[in-house]
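> Just to be clear, the model below is a prediction. Sequence and coordinates:
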Amino acid sequence: MLDLRAAQPDVLVLVGTQTGNSEVVADAIADALGDLGFAAHLLDMAEAYPEVLADYRQVVAVTCTWSDGTFPDNAVDFVEALDAVRPDLSGVRFGVCGLGDRDYDPYYQTAAMRLVGLLRASGATEAQPLHDIDGGPTADDVAGAVAWAVRCATAFAR
Ligand SMILES: Cc1cc2nc3c(=O)[nH]c(=O)nc-3n(C[C@H](O)[C@H](O)[C@H](O)COP(=O)(O)O)c2cc1C
């Protein structure tokens, strides 16, 4: 069990998805964070607004990239608002897990990379580099994402 004394218990787990794969990965991440003693709050990006990020010190976002490098439909309004509002996220640490497919080069993971850029531009700090899933997600991909989320949690607790 991680020593969570240096971490806030609450983690926001944001999900951007078109066909549900990112939700599967986000659910597994939320379960793993819960097992570590965090309170993981899953939120569909369709229900999210920029200021809610500032209510959390720790954010894990899982999003796919959709056609020609765009965000999935449920994430578009949230991302546009984040770009427009640029809330002060200087107290926030985050990680982004991207789902994509190299067959879509040169648009591989462009939405996830853009989200990292927007969060950084609002002053948030990346706890772990972008974790990318290419195709799938297979059971191994989900396990890899969970291992990455545990590394995020370790950074949160530091
Ligand atoms: C129509 C379509 C367009 C896609 N466009 C991209 C893309 O531009 N870049 C990329 O990296 N992946 C792309 N993908 C791959 C998806 O990101 C991948 O299938 C992902 O697992 C979907 O996640 P979701 O189920 O959460 O929506 C595309 C997939 C489809 C079916």
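Looks like it arrived, so ask away.
> I'd like to check what contacts the longest helix along the chain. Which residues are they?
As assigned by DSSP state H, the longest helix anywhere in the chain is helix 139-156. For helix 139-156, the surrounding residues in contact (C-beta atoms under 8 Å, 6 or more residues apart in numbering) are 2, 7-8, 11, 24-25, 28-29, 32-33, 36, 38, 57-58, 60, 62, 93, 95, 97, 127-128, 131, 133, 135, 137. C-beta: built from backbone N, CA, C; applies to glycine.
> Take these and keep only those in helices.
Per DSSP H, helices hold the following members of the contacts of helix 139-156: 24-25, 28-29, 32-33.
> Buried subset of the residues you listed as a PyMOL selection?
Remark: buried members of the ones in helices among the contacts of helix 139-156, expressed as a PyMOL selection using 16 or more other C-beta atoms under 10 Å:
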select buried, resi 24+25+28+29+32+33
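> ok, Ala84 - how many residues close by?
Using other C-beta atoms under 10 Å, Ala84 has 8 other residues around it.
> Going forward, the N-terminal residue is numbered 12.
In the new count, where the first residue is 12, that last one comes out as Ala95.
> three-state assignment of it?
The three-state assignment at Ala95 reads helix, by DSSP: H, G, I helix; E, B strand; the rest coil.
> and the gap between it and the ligand?
Going from Ala95 to the ligand by C-beta to the nearest ligand atom, to the nearest Å gives 23 Å.
> so how far is Ala39 from that residue?
32 Å (C-beta to C-beta, to the nearest Å).
> C-alpha coordinates for stretch 144-161, CSV please?
This file holds the C-alpha atoms of stretch 144-161, laid out as CSV (Å, rounded to 0.1, in the frame of the first residue of the first chain):
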residue,chain,number,x,y,z
ILE,A,144,-2.1,2.6,-26.4
ASP,A,145,-1.7,1.6,-30.1
GLY,A,146,-4.7,-0.4,-31.3
GLY,A,147,-6.6,-2.7,-29.0
PRO,A,148,-6.9,-2.3,-26.2
THR,A,149,-5.9,-5.8,-25.3
ALA,A,150,-5.8,-7.2,-21.8
ASP,A,151,-2.0,-6.4,-21.9
ASP,A,152,-2.8,-2.8,-22.9
VAL,A,153,-5.2,-2.4,-20.0
ALA,A,154,-2.6,-3.9,-17.6
GLY,A,155,0.0,-1.5,-19.0
ALA,A,156,-2.3,1.5,-18.5
VAL,A,157,-2.9,0.4,-14.9
ALA,A,158,0.8,0.1,-14.3
TRP,A,159,1.3,3.6,-15.7
ALA,A,160,-1.6,4.9,-13.4
VAL,A,161,0.2,3.4,-10.4
